[in-house]
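Trainee: Attaching a predicted model along with its sequence, questions to come.
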Protein chains: 2
Amino acid sequence: MDEHLKALLQKSGLKNTKHRTAILELLEQNDQPVTAEQLYAEMRSKNIPVNLSTVYRTLDILCEKELITKLTIEGGAKALFEFNNNLHRHHLICLGCKKILTIENCPLGDYEQKLAGKTHFSITGHKLDLYGFCPDCRRKNEF
Amino acid sequence: MDEHLKALLQKSGLKNTKHRTAILELLEQNDQPVTAEQLYAEMRSKNIPVNLSTVYRTLDILCEKELITKLTIEGGAKALFEFNNNLHRHHLICLGCKKILTIENCPLGDYEQKLAGKTHFSITGHKLDLYGFCPDCRRKNEF
DNA sequence: TTAATTGCAAACACTTTGCACGCTA
DNA sequence: TAGCGTGCAAAGTGTTTGCAATTAA
């Protein structure tokens, strides 16, 4: 089970432990970025006892190896993590229920190049988040 | 001196104190977003003794009244604050020296509307930050 | 005068770290 | 079996809060 996750760990030179595969698996399955605390809770509820600091350490090292991605959303105190599928992504965040939609689509086009020309920066990347209200919240609250 | 800042405070129903005008003044003068700690240090060095918690409280209330804006940049632990000139802004952050350029220009065009159509969200706003290396850092480090 | 503002110290939330033990390769 | 991985408890960082004293309106 989860041979591909074990392979990922091995390829990164990381030992294969049940905590690591569990975390990778949860992140891969989840369509939404999750917090360390959420992972911690999910693991405990699946009878994979683990310490919060291990979750943090594991997330750290998985980020370092670029198996997962760390992000934060404006105003959010906690860091979020998602599986790294190597696609350029943005996020659409519902201000009502806080659900996060991942958008694999980028409206920037050649804007980075234009801005580079204007500012003489070399531009290496960008982060775009959009905010609004999801259909459910719009219905419920008449936004 | 700084009659317009006092007027801003008054208009927002806030009492006029030297801490508040000092913070507004520093933010208005600064072309870059700054942290609470930086403001705290600047005030002390200008012989305006103040407590850090007062700085935080003041920043909070000025944000609430929309006289200033709070932001965080990806990976940055500390919150940043800038004077609110009521323009739509983005930020270009130098990964070398951490300097932040404010960009009063938005490449999104009607993307919000398109995305709203696609996702059935009502989209209320967005946040875009760009990353790279400024001319100085490029020169020094051959990025 | 009196309600808003401040200083101080303590609390907070999230995250990181040191160390001893346990387990993978 | 060597060294990476983990649990535990303690520390760290940025920010917030309760309360009594101060100050602007």
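Mentor: Sure thing, it's come through. Residues are numbered from 1 along each chain as shown, chains lettered A, B, ... in the order given.

Trainee: Just confirm yes or no for stretch A:79-88 near DNA strand C.
Mentor: Yes: counting by C-beta under 7 Å from any atom of the strand, contacts between stretch A:79-88 and DNA strand C involve A:Ala79. In this view, the C-beta of every residue, glycine as well, is placed from N, C-alpha and C.

Trainee: ok, now stretch A:6-25?
Mentor: Yes: using C-beta under 7 Å from any atom of the strand, we find that stretch A:6-25 touches DNA strand C at A:Leu9, A:Gln10, A:Lys15, A:Asn16, A:Thr17.

Trainee: so which strand or helix has A:Gly109?
Mentor: Per DSSP states H and E: A:Gly109 is located in neither a helix nor a strand.

Trainee: And stretch A:9-16, end to end?
Mentor: With C-alpha to C-alpha, to the nearest Å as the measure, the ends of stretch A:9-16 fall 6 Å from one another.

Trainee: close to chain B, is the helix or strand of chain A with the lowest mean pLDDT?
Mentor: Every helix and strand of chain A was ranked by mean pLDDT, DSSP states H and E. The lowest is helix A:135-141, at a mean of 90. Yes: Helix A:135-141 reaches chain B (C-beta under 8 Å from any C-beta of the partner chain) through A:Pro135, A:Arg138.

Trainee: Show the contacting residues for the most centrally placed residue in chain A.
Mentor: The residue lying closest to the centre of chain A (C-alpha atoms, centre = their mean) is A:Glu82, at 2.4 Å. By C-beta atoms under 8 Å, 6 or more residues apart in numbering or on different chains, the residues touching A:Glu82 are A:Leu27, A:Asn30, A:Gln32, A:Pro33, A:Val34, A:Ile68, A:Thr69, A:Leu71, A:Thr102.

Trainee: can you pull out the helices in chain A?
Mentor: With DSSP state H as the criterion, chain A has helices at A:3-11, A:18-29, A:36-45, A:52-64, A:111-119, A:135-141.

Trainee: could you redo the ones you listed as a markdown table and give each row mean neighbour count?
Mentor: A markdown table is the format used below for the helices of chain A (neighbours: other C-beta atoms under 10 Å in any protein chain shown):
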| stretch | mean neighbour count |
| --- | --- |
| helix A:3-11 | 14 |
| helix A:18-29 | 18 |
| helix A:36-45 | 16 |
| helix A:52-64 | 16 |
| helix A:111-119 | 16 |
| helix A:135-141 | 13 |
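
Trainee: Let's have those in JSON lines, adding distance to B:Gln38.
Mentor: Formatted as JSON lines, those follow (distance: least, C-beta to C-beta, whole Å):
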{"stretch": "helix A:3-11", "distance to B:Gln38": "41"}
{"stretch": "helix A:18-29", "distance to B:Gln38": "36"}
{"stretch": "helix A:36-45", "distance to B:Gln38": "29"}
{"stretch": "helix A:52-64", "distance to B:Gln38": "28"}
{"stretch": "helix A:111-119", "distance to B:Gln38": "23"}
{"stretch": "helix A:135-141", "distance to B:Gln38": "37"}
